[in-house]
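J.: here you go, sequence then predicted model.
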Amino acid sequence: MNEQFVRNRITELRLKKNISEYQMSLDLGKNKSYIQGISSGRSMPSMKQFFEICDYLELTPIEFFNTEKKEQTLYREAAAILNELSLEDLEAVFPILLRLRAKTDRKKQAEP
């Protein structure tokens, strides 16, 4: 990880939310060119400011640095949900998982 990653990631996440540098700066209570300064490399946020940026973008610091593919995040979230289920609910869901796995296996076997 380096400063360029942080700058690029803030820009990427800001654009995904369709927020201008100007608006984000004002929403964070900073001067109008605050985010532009970070994006251009003129400055870097302090740790406190970084946490404020994460809160503003509605993500945790871990999520900020997580650039894995979306599927990997979904796998982890699904596993966490399954882990919280009661034994009765897990037993109800398990046949569905087996059916889906069999379907996936059939597709893999059909591929050349």
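T.: Yep, that arrived.
J.: beyond the helix-or-strand element of the chain with minimal mean pLDDT, next helix or strand please.
T.: Across the helices and strands of the chain, mean confidence by mean pLDDT, DSSP states H and E is lowest for helix 70-84: a mean of 81. Counting by DSSP states H and E, the next helix or strand C-terminal to helix 70-84 is helix 87-110.
J.: which strands and helices sit next to that following helix?
T.: Applying 3 or more Cβ pairs under 8 Å, 6 or more residues apart in numbering; DSSP states H and E, we find helix 87-110 packed against no helix or strand. For the C-beta atoms, the positions are set from N, CA and C on the backbone; glycine is no exception.
J.: please identify the buried residues of it?
T.: Of the residues in helix 87-110, none count as buried by neighbour count, 16 or more other Cβ atoms under 10 Å.
J.: got the contact list for that helix?
T.: 82, 85 (Cβ atoms under 8 Å, 6 or more residues apart in numbering).
J.: that one: how far from the chain's middle?
T.: The chain centroid and the centroid of helix 87-110 are separated by 27 Å, computed with Cα atoms, centre = their mean, to the nearest Å.
J.: please consider this matter closed, and thank you.
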